[in-house]
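1. Below is the sequence, then the predicted model.
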Amino acid sequence: MTELTIRDLHVEVEADGDAKEILRGVDLTVRGGQTHAIMGPNGSGKSTLAYALAGHPAYTITSGSVEMDGQDLLDMSVDERARAGLFLAMQYPVEVPGVSVSNFLRSAVTAVRGEAPALRTWLKEMRGAMADLHVDPSFAERSVNEGFSGGERKRHEILQLELLRPKFAVLDETDSGLDVDALKVVSEGVNRVRADGQIGVVLITHTTRLLKQIPVEFVHVMWQGRIVAEGGPELAETIEADGYEQFTGAGVAG
C-alpha cells in the first residue's frame, strides 16, 4: 500500500526580511485509498503545508521529514515529486500565457507517464475528461488560466487530476470561489478519481462545504502551524456547529 508520511515538519517563510516559522511540527500519515481533510481558520498553516510538500521555493523546510513510499520527498525537485506521484491543486493557480491547455496537459502527462501519448488516443482521452467536467471543447485551445473564471481554474485543476492519476493529491481550498453547480461538478471529478480506491487525497479547507460533496474518513484541525485535533467525519460536524474556538488553545504553546 502506498503511503505519504510527514513527521515533525517545520517550515519557515521570509516576511519583511525576517524568517517566520509557519509550521511548527506537523505529523500526518495518508495511505492510498484514504481521504483526509485538513481544516482550520485562515492563517493556521494549511496552505503552507501544501506548498511545502510541492516544493515551492518560498517555503524553507528547517526540520522534519516527508516520505512517499519510503522515498525522501524533500530530496526531490518539484518535477521529480510530480513524477513520483504527488499532485497539488493550488488555491490560486497561475496564468501561463501562450501555452494552450491541450499542450500543457499533454506535456504534463508525458512527463508523468514517461512517454508521450499517441495524439489520436490523447485527444480522445482529454475530450472525455473535459466532457465529464462539463468543459466546452474550445477550452483546450485557451492559454492556461489566462482570463479564466474561478470555476474554470478549478475545473482545469481537476482535469489535470483526472488525466494524471497521481498516487497522492493535495487539494488546497478547491471549493474557494465556486458556485453550487461548479462545486458539484468539481466534487464529482474528485470522486471519480477516488473511485478505484488507490489514490490518497488531502482536502485543505476552512469550511465543511466541500466535505458534504466528497466523503472523508479522517479530519485534522490545524492551528498555529500544528495539528491540534483529529477524528472522523463527526469532527467536521462539530466544527460546523461550534466553530474553531474550541480547538484554538488545545496543545498549542504561545
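-> Looks like it came in fine. Residues are numbered from 1 along each chain as shown.

2. Could you tell me how many residues sit around the closest residue to residue 162 other than its chain neighbours?
-> Nearest residue to residue 162, sequence neighbours excluded (CB to CB, 6 or more residues apart in numbering): residue 129, at 4.7 Å. Placement of C-beta: from N, CA and C, glycine included. Residues contacting residue 129 under the criterion other CB atoms under 10 Å number 19.

3. which SSE is residue 129 in?
-> helix 119-132 (DSSP states H and E).

4. Contacts only, for residue 172.
-> By CB atoms under 8 Å, 6 or more residues apart in numbering, residue 172 lies in contact with 46-47, 50, 88-91, 204.

5. if we can go back for a sec, roughly how far apart are the residue nearest to residue 162 and residue 158?
-> 9 Å (CB to CB, to the nearest Å).

6. residue ranges with poor pLDDT in the stretch 1-150 of the chain?
-> Judged against pLDDT under 70, the stretch 1-150 of the chain has no low-scoring part.

7. show me what contacts the residue nearest to residue 162?
-> Counting by CB under 8 Å, 6+ apart, residue 129 touches 159, 162-163.

8. 10 Å instead, please
-> Residue 129 is in contact with 105, 135, 158-163, 189, 192, counting by CB atoms under 10 Å, 6 or more residues apart in numbering.

9. quick one: the helices in the protein?
-> 46-54, 78-84, 101-113, 119-132, 150-164, 180-194, 233-242 (DSSP state H).

10. closest to residue 227 out of those helices?
-> Within the helices of the chain, the stretch nearest residue 227 is helix 46-54; the backing value is 9.5 Å (CB to CB).

11. Fine by me, we can end here.
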